[in-house]
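S.K.: Give me a model of this one.
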Amino acid sequence: MRSRTYRIAGLLTGALVAAGLPAVAAQAQALTVATRPVADEKAVFATVESVSVVPARSRIGGTIAQLSVREGDHVTRGQAIAAVGDEKLVLQMKSLDAQIEALQAQADQAQLDFNRIEGLVGNGTLPRVKLDEARTALNVAQNGLRARIAERAVIQQQMTEGQVLAPDDGRILRRLVTVGSVVLPGDPIATVAQQNFKLRLRVPERHAQFLKAGDKVRVDGAELSEQATKWGVIDLVYPQIEEGRVIADAVVEGLGEYFVGDRLRVWISGGTRPAIVIPASYVTTRFGIDYVRLRQPNGVIEVPVQRGRDLPTPDLPSGLEILSGLRDGDQLVQP
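M.R.: This next block holds a predicted model:
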């Protein structure tokens, strides 16, 4: 019953418009049809790649005593992700501590001797040469103590360098060792994907002449499990062709940040062609036929059109290509 009522209402409206009676829609703002160049889009596959993948390396040799991350964890620059222990460093530290205690006692005794001899020389009891000998012995003891303290600081720094730090903000892709693994200086402990992600496109070489930095690329929302279409910009075209394909990087905001290597279908420009593109809201469909409303001097009429495919652009997200039924200069009115 409702569909029959709508059909009768549509027929009455068409009759009033055909009779030349005024209509409210005729007073609305009209859209002027104009042919515009549009990108002849081609679908290619791209993968989500990190800008770079860097290893977190051990700075000393030893045994992995602690590993605090796993695959998929987010890390920040300087965060400790593992600890390397070396028993030799602990033994060297104990040895240096004992030497420092002995040298400290020698320096204290040399200081006492120097003070006593200085008083006796002042009283004229001892010759001045004895004071010079005591001063030399004191300097030797103090310098030996400072040398051992410096060696201990070196060992302490080596023990501190047992902390393996994240080289940059990002996410752990792989752990290359386990607790108890023996590593050497410079061995990688884990690989970190930097936080910024790009789309790496592989375009057939026949389209290379149309591909350049600054071109727009389109990713359908369905590829990202979203509703809205996303747009990106090609920022780098690599000069080398690999296996008949040109490699290019595109920056797209809002890419997924978990799966590195995720494959997406991306639309790129393969040249331009003229087309008539209008907002999809200006098209109505009845009984399988598409209509648009045209403003005429005596009112508004409906004409059938043949729709093409959706052509969303950054300035017209709901763009729809019209293959026939419209020409430049036509005035469209919202249904």
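
S.K.: Burial check on the closest residue in space to residue 126 that isn't next to it in sequence, number of neighbours?
M.R.: Leaving aside its chain neighbours, residue 126 sits nearest to residue 120 (4.5 Å; criterion: Cβ to Cβ, 6 or more residues apart in numbering). Using the backbone N, CA and C atoms, a C-beta is placed for each residue, glycine as well. If you count neighbours by other Cβ atoms under 10 Å, residue 120 ends up with 14.

S.K.: did I read that right, residue 120 in a helix?
M.R.: Yes. Assessed by DSSP: H, G, I helix; E, B strand; the rest coil, residue 120 belongs to a helix.

S.K.: any idea how far it lies from residue 131?
M.R.: To residue 131, residue 120 is 9 Å away according to Cβ to Cβ, to the nearest Å.

S.K.: The stretch 151-300 of the chain: strands as residue ranges?
M.R.: Listed in chain order, the strands found in the stretch 151-300 of the chain under DSSP state E, counting those that start in this stretch are 163-165, 170-175, 182-183, 188-194, 197-204, 216-219, 230-242, 245-252, 263-279, 284-286, 289-296, 299-310.

S.K.: and the second one, what other elements does it pack with?
M.R.: Strand 170-175 makes packing contacts with strand 74-75, strand 188-194 when contacts are defined by 3 or more Cβ pairs under 8 Å, 6 or more residues apart in numbering; DSSP states H and E.

S.K.: Work out the sheet partners of it and label each with its direction, please.
M.R.: strand 74-75 (antiparallel), strand 188-194 (antiparallel) (DSSP bridges).

S.K.: Repeat that for the last one.
M.R.: In the sheet, strand 299-310 lines up against strand 289-296 (antiparallel), strand 319-324 (antiparallel) (DSSP bridges).

S.K.: quick one, what contacts the residue nearest to residue 261 when sequence neighbours are not counted?
M.R.: Nearest non-adjacent residue to residue 261, counting by Cβ to Cβ, 6+ apart: residue 47, 5.5 Å away. Applying Cβ atoms under 8 Å, 6 or more residues apart in numbering to residue 47 gives the contacts 199, 200, 261, 262, 263, 264.

S.K.: Make TSV from those residues and add pLDDT and neighbour count to it.
M.R.: Putting the contacts of residue 47 into TSV (pLDDT from 0 to 100; neighbours: other Cβ atoms under 10 Å) gives the following:
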residue	pLDDT	neighbour count
199	85	22
200	87	18
261	74	10
262	77	16
263	81	11
264	81	19
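
S.K.: How many residues are close by residue 42?
M.R.: 16.

S.K.: Which stretch among the strands paired with strand 170-175 is buried most, on average?
M.R.: strand 188-194 (a mean of 20; mean count of other Cβ atoms under 10 Å).

S.K.: still on that earlier bit, now do the same for the residue nearest to residue 261: helix, strand or coil?
M.R.: strand.

S.K.: any idea how far it lies from residue 229?
M.R.: 19 Å.

S.K.: One more: residue 291?
M.R.: Residue 291 is 26 Å from residue 229, by Cβ to Cβ.

S.K.: Give the buried residues for the helix or strand harbouring residue 114.
M.R.: Here residue 114 sits within helix 87-123, counting by DSSP states H and E. For helix 87-123, burial by neighbour count (16 or more other Cβ atoms under 10 Å) applies to 89, 92-93, 96, 99-100, 103-104, 106-107, 110, 113-114, 117, 121.

S.K.: Specify which member of those is nearest to residue 312.
M.R.: Nearest to residue 312, judged by Cβ to Cβ, of the buried residues of helix 87-123 is residue 89 at 62.1 Å.
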